[in-house]
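K.L.:
Build me a model from this:
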Amino acid sequence: MHRYTTWNGPMPTTAAQQSVTTGTAIKTMLQVATPSTRQIQLISWSFTLDDPPGADAVIELIQTDVAATVTAHVASGIQPIDPNAPASLCVGGTALTGYTATAEGTTTASRVFDAVSLSSVSGESPLTYTYQFMPDERYIVAASKFLRVRATTPTTAVDLRCKITWDE
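P.N.:
Residues are numbered from 1 along each chain as shown. Predicted coordinates for the structure are as follows:
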């Protein structure tokens, strides 16, 4: 088994990891598509917001049955934790693994793995969130499914960076 991580932006080279602007409607910030031959096991996920998100914002980690249309990740954007590991089978593509959705697709079946409700009204809202699943609670994403980080920030658009780490 090998472990991989990916962010919602291209691999940084001479610039910092980029953030992506959320929207006032639901928007997939990052999507990992499992291949038809393999499932993945979720290890952790995280996000950071550059500004308070406004009232009643939700950032969620969800499995869906259809793809969002995304900016395709290239191979270097899906990083093996071990530099000697083979390339991930969760390859990039506009209907596969990528970031910054331009169309959400019509989801008919989903599973919610985590959801964070945020409010800029309360001082308790985190601008950074990280969750590492305990070994006995690590979700399995089935073959031919889509793991997504989606954001809804109804009163304002903010910049968000997020990442997902998984085993395959």
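K.L.:
all contacts plus neighbour counts: C-alpha atoms, from now on.
P.N.:
Will do.
K.L.:
pretty sure Val141 is in contact with Ile43, am I right?
P.N.:
No - assessed by CA atoms under 8 Å, Val141 is found out of contact with Ile43, at 11.2 Å.
K.L.:
shaky segments in the chain?
P.N.:
The model of the chain has pLDDT under 70 over residues 120-126, 155-156.
K.L.:
Isn't Met11 up against Ser76?
P.N.:
Yes - with contact defined as CA under 8 Å, Met11 reaches Ser76; the gap is 6.5 Å.
K.L.:
Between these two, tell me which one has more neighbours.
P.N.:
The neighbour comparison of Met11 against Ser76 (other CA atoms under 10 Å) goes to Met11, with 19 against 13.
K.L.:
Apart from its neighbours in sequence, what residue is nearest that one?
P.N.:
When the adjacent residues along the chain are set aside, Met11 lies closest to Gly77, with 5.0 Å between them (CA to CA, 6 or more residues apart in numbering).
K.L.:
so what's the one you found up against?
P.N.:
Listed by CA atoms under 8 Å, 6 or more residues apart in numbering, the contact set of Gly77 reads 6-7, 9-11.
K.L.:
Which single one of those residues is nearest to Lys27?
P.N.:
Gly9 (14.4 Å; CA to CA).
K.L.:
And the closest one, how far from Ala72?
P.N.:
10 Å (CA to CA, to the nearest Å).
K.L.:
try Glu104
P.N.:
Taking CA to CA, one finds Glu104 at 14 Å from Ala72.
K.L.:
So these two - more neighbours on which side?
P.N.:
Between Glu104 and Ala72, counting by other CA under 10 Å, Ala72 is the more crowded of the two (21 against 15).
K.L.:
gap between the more buried one and Met134?
P.N.:
30 Å.
K.L.:
Tell me the neighbouring strands of the helix or strand Ile164 falls within, and mark each as parallel or antiparallel.
P.N.:
Applying DSSP states H and E as the criterion places Ile164 in strand 159-167. The strands beside strand 159-167 in its sheet (DSSP bridges) come out as strand 3-7 (antiparallel), strand 20-21 (antiparallel), strand 40-49 (antiparallel).
K.L.:
Run through who's touching the shortest one.
P.N.:
Looking back up the chat, that one is strand 20-21. 8-9, 29, 100, 157-161.
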